[in-house]
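Novice: Prediction below, plus the sequence it came from.
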Amino acid sequence: MRRTVIGLLSLCLCFSSIQAQEDTLRTTRQVMRATLYGIGVTNLLDTYLSPMEYTGPELRILRENMRMTKYMNGKVSRQSLFQANVSLTENRAGTGSEFAFLANWNLAYHYQFPINEHLKLMAGPNLDLNGGMIYNFRNSNNPVNAKAYANIGASGMAIYHFYIKEHPFVLRYQLNLPLLGIMFSPEYGQPYYEMSLSHNWGKNICFTALHNQPSIRQFLTLDFPIKTTNLRVGYICDIQQAKVNHLKSHTWSHAFMVGLVKHFQLVNPYK
C-alpha cells in the first residue's frame, strides 16, 4: 500500500513538473509583430554643419517584434524594435536645406508586473544602436556629418486592455531612456579627411551619459480590430540630443504612425 501511494505521488509530481514546463514553453510561443508607416515633422540642429536650426517633414518606418521568453518562469518579454526615418528640412530664412537619414535598432527585455486583468506594467534594460547622416546642401567644405552612437538604458511600458461593444482594444505607452553610451563625433572645425590621415580617433569617440546626451523616445499606440485585421495607430516623440567635442546637435521628431499588427505562435521558438 505504501509503495502504491509513493508511486502515485511520484507520478503526480512528475506530471506537475511536465505540465509546468509545457506552460512555460507555451508562453514563449506568443509572438507579436507590427509594421508601421508614418509622417511627421523634424527639427534638426548640428553645429558642425551650421549654427541654424532646420525644420521640415519626415517619413518614418517602424518594425516591432515582441515575444515572451522562458526567463523568470515566462514573465520576461523580448522586444526588437527597428525604425528609420528620412527628412528634408530648411532653415527659417529659407537660404539652406539639409537632408537627414537616421536609423535605430533597440533590443529590450521587460519583466512583467500584472496589476489587474486590464493593466500590465513592464520594465527592464535595453540596448540602443543608432546610425545615419546629415547632409547640408549649402556647405562646400564639410557638407556631411555622420551619426553613430550606442547606448545602454532603461525601458518601461504600460499596456491597458479594454473593450468597446465587445471589441478588444489595446492601449500602450512606452518610454526608452539612454543612460550610458559611446558616440562618434568630429571636433569643431575638424574635416573628415584630417581624421583619416591622422589615424587618431581617440578624441572622436566620446563617452555619453545623461549630462551630455539627454535623450528620450516615447511611443503611444492603440490597437483595434477591423473585421479580421488588427490595426495600430500611434504617435512617436523621438528626442535625440547631444553636446560633445564642443558641438551641439539635436533631432526632435514627432510622427503619427499607422500599420498592421499580427499575433501568432511559434511551433518551435528555439530552433
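Specialist: Happy to help now that I have it.

Novice: ok, Leu175 touching Ala158?
Specialist: No - Leu175 is beyond contact range of Ala158, at 9.1 Å (criterion: C-beta atoms under 8 Å). No exception for glycine: its C-beta is placed from N, CA and C like everyone else's.

Novice: Which pLDDT value belongs to Leu13?
Specialist: Looking at Leu13, its pLDDT is 40.

Novice: Please apply the same query to Ile6.
Specialist: For Ile6, the predicted pLDDT is 42.

Novice: number of nearby residues for Lys227?
Specialist: 4 (other C-beta atoms under 10 Å).

Novice: State the distance from it to Met32.
Specialist: 19 Å (C-beta to C-beta, to the nearest Å).

Novice: Same question for His211.
Specialist: Taking C-beta to C-beta, one finds His211 at 36 Å from Met32.

Novice: Tell me which of those two has more neighbours.
Specialist: Neighbours per residue, other C-beta under 10 Å: of His211 and Met32, the larger number sits with Met32, 18 against 7.

Novice: Number of residues surrounding the spatially closest residue to the more buried one that is not a sequence neighbour?
Specialist: Once flanking residues are discounted, Met32 sits nearest to Met66: 4.8 Å by C-beta to C-beta, 6 or more residues apart in numbering. Neighbours of Met66 under the rule other C-beta under 10 Å: 17.

Novice: Name every strand pairing with the helix or strand encompassing Met66 and say which way it goes.
Specialist: Following DSSP states H and E, one finds Met66 within strand 50-68. Sheet partners assigned to strand 50-68 using DSSP bridges are listed as strand 30-46 (antiparallel), strand 76-91 (antiparallel).

Novice: tell me which residues of stretch 158-167 are tucked away?
Specialist: 158-160 (16 or more other C-beta atoms under 10 Å).

Novice: Specify the beta-bridge partners of Leu88.
Specialist: The partner residues for Leu88, given DSSP bridges, come to Phe99.

Novice: That one contacts Phe101, doesn't it?
Specialist: No - using C-beta under 8 Å, Leu88 is not in contact with Phe101, being 10.4 Å away.

Novice: So Cys206 is in contact with Met183, correct?
Specialist: Yes - between Cys206 and Met183 there is a contact under C-beta under 8 Å: 5.0 Å.

Novice: The residue nearest to Met32 contacts Asn106, doesn't it?
Specialist: No - applying C-beta under 8 Å as the test, Met66 and Asn106 come out as separate, 11.4 Å apart.

Novice: Now list whatever residues contact both of the two.
Specialist: 79-80 (C-beta atoms under 8 Å, 6 or more residues apart in numbering).

Novice: Give me the local confidence score for the residue nearest to Thr251 when sequence neighbours are not counted.
Specialist: Nearest residue to Thr251 in three dimensions, chain neighbours excluded: Gln240, at 4.5 Å (C-beta to C-beta, 6+ apart). What the model reports for Gln240 is a pLDDT of 98.

Novice: For the host helix or strand of Gln240, which helices and strands make contact with it?
Specialist: Counting by DSSP H and E, the element that carries Gln240 is strand 229-244. With contacts defined as 3 or more C-beta pairs under 8 Å, 6 or more residues apart in numbering; DSSP states H and E, the packing partners of strand 229-244 are strand 30-46, strand 205-208, strand 216-226, strand 247-265.

Novice: Just put these in a markdown table and tack on mean pLDDT and distance to Ala150.
Specialist: Output for these, formatted as a markdown table (pLDDT from 0 to 100; distance: least, C-beta to C-beta, whole Å):
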| stretch | mean pLDDT | distance to Ala150 |
| --- | --- | --- |
| strand 30-46 | 96 | 19 |
| strand 205-208 | 95 | 9 |
| strand 216-226 | 97 | 14 |
| strand 247-265 | 94 | 16 |
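
Novice: any idea which of those is most buried?
Specialist: Per-stretch averages of neighbours, counted by mean count of other C-beta atoms under 10 Å, single out strand 30-46 among the helices and strands packed on strand 229-244, with a mean of 19.
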